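>>> Show me the folded form of this:
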Amino acid sequence: MDHPRCRRTGANGLLAVSCLRSVLACVVAVLSLAPLLPAVAQPAATKVHRIGFLGLTPGEEAVMKPFLERLRELGYVDGANMSFESRSAQGRPERLPQLAAELVHARPDVLVTGAGTLTALAAKAATPSIPIVMIAVGDPVGTGLVASLRRPGGNVTGMSGVVEIGGKQLQLLQELAPGKPAIAVLMNPDTPYTRLALKEIHSAAEATRTRIHVLEARTAEQIPYQFDAAAAAGAGGLIVIADPLMFSQRRQLSELSAKARLPAIYPSRDFAEEGGLISYGPSRRQILRRAAEYVDRILKGTKPADLPVEQPTTFELVINQRAANALGLVIPRSVLLSADEVIQ
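Sure thing, here's the model as predicted:
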C-alpha cells in the first residue's frame, strides 16, 4: 500500500517530493525508538568449574571414581560445566612441590589432594588462597594443615580419613592366628600418621603381652625385604599401616603375604579386593563421596575455614575367603558374622 501522503501528482505520475520526505521521517522515527525496545535475551554462558587434583602414587586418579560419581550427582559434568585436571608424582614425593605449583598456576577453583599427608602439605605450601580439600589425612592438626578439626581456619579442610583402628586390627589378627606372641607392623616412616598408629598398636599389644616388630619401607623395592625380616623375627601376623605407598602396592603385599604364609590385615577394602586376607578401616568410598560434597559447598560460596574437618563414620570389615584357604586358615564364625563382605 502507498503511504497516505504518497500520491501520484501531476500528469506525468511522478512521486511528489513530499512523499520522499514522509518516508525518511518514518525511518528516523523508528531508529530513534530502537534503544527503547526490549533487548533479545542472549543465552548465559555456562560457567566451567575448575578442579585440580594432586596425587602421590601411580594410578591414584583411577580410585577417585566415587568422588567423580558424586560430583555428577550434584550436577558437575567433566567437559561440560567442570574441568578436572590432575597431576601425579608417580610415587616420588620430591616432585609434589613442582606439581602443586603447576596446578596452582592453572588457577583452579578448588584443589583436591589425594590420600595422605604429603600431598596436602605440598598443596598448602603452594597457595594460601585457593581452597584445598584434603582426602584421608591421618593427623591434620598435628601436621599443621589446620588449626583444629572443628575450626580449620585458612584455606584447607576436608577428610581426616584414618582414625584409631590399630587396636581393633590387632584384635582381629589375633583371632585369625591365635597363640602368636609376636606381630610385625609394616609402615612408611616418611608418613606422619605412622607415629600415631604405632603408638596405638603398642598400647594394645602391651595389654595382650604381644611383641611388636616394626618394619620400615620407604619404597616398593624395600617391601619384600621386610617380609624376610618378619619371618626372621618369628612374627605370626602382619599389620599394614595406611599409607599411599602401601596402597599403591596392594597386589605385591597380598602376593608376598601368601608366599610367606603370613596372615596380614590391611587398612581398607581395596587390599582385600586385590587378594589380601582381611581389611578393617574407614570406608574409602564414603570418604571420597563426602570430599565431593565439600567441593560442591565451596564452589557454591562456603569458605574452607567454615567447614569442619570430618572424621570417618563408616568402617568396613572385609574378608577374602580365597586368601584364607590359601593360608590354611579357618576364619572364626564370630569374625565371619561381623564382616561387611566375604569375598569368595
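
>>> For Leu96, give me its contacts.
54, 56, 89, 118-119, 122 (C-beta atoms under 8 Å, 6 or more residues apart in numbering). In short, each C-beta sits where N, CA and C put it, glycine included.

>>> For Ile265, which residues count as its bridge partners?
Ile239, Ile278 (DSSP bridges).

>>> Which of the contacts of Leu96 has the largest number of neighbours?
Thr119 (31 neighbours; other C-beta atoms under 10 Å).

>>> from the contacts of Leu96, which two are the most distant?
Leu54 and Leu118 (9.8 Å; C-beta to C-beta).

>>> how about stretch 53-72: buried residues?
Buried residues in stretch 53-72, counted by 16 or more other C-beta atoms under 10 Å: 53-57, 60-61, 63-64, 66-68, 70-71.

>>> that older thread, wait, which of the contacts of Leu96 is closest to Ile241?
For the contacts of Leu96, the nearest to Ile241 is Leu118 (14.8 Å; C-beta to C-beta).

>>> Give me the local confidence score for Ala41.
At Ala41, the model reports a pLDDT of 50.

>>> what about dumping the CA coordinates of the helix or strand Arg285 falls within to PDB?
Applying DSSP states H and E as the criterion places Arg285 in helix 284-299. Output in PDB follows, covering the C-alpha atoms of helix 284-299 (Å, rounded to 0.1, in the frame of the first residue of the first chain):
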ATOM      1  CA  ARG A 284      37.200 -45.100  51.300                       C
ATOM      2  CA  ARG A 285      34.100 -44.800  49.100                       C
ATOM      3  CA  GLN A 286      32.300 -42.700  51.800                       C
ATOM      4  CA  ILE A 287      35.300 -40.500  52.300                       C
ATOM      5  CA  LEU A 288      35.600 -39.800  48.600                       C
ATOM      6  CA  ARG A 289      31.900 -39.000  48.200                       C
ATOM      7  CA  ARG A 290      32.000 -36.700  51.200                       C
ATOM      8  CA  ALA A 291      35.000 -34.900  49.700                       C
ATOM      9  CA  ALA A 292      33.000 -34.200  46.600                       C
ATOM     10  CA  GLU A 293      30.200 -32.700  48.700                       C
ATOM     11  CA  TYR A 294      32.800 -30.400  50.300                       C
ATOM     12  CA  VAL A 295      33.900 -29.300  46.900                       C
ATOM     13  CA  ASP A 296      30.300 -28.600  45.900                       C
ATOM     14  CA  ARG A 297      29.800 -26.400  49.000                       C
ATOM     15  CA  ILE A 298      33.000 -24.500  48.400                       C
ATOM     16  CA  LEU A 299      32.000 -23.900  44.700                       C
END
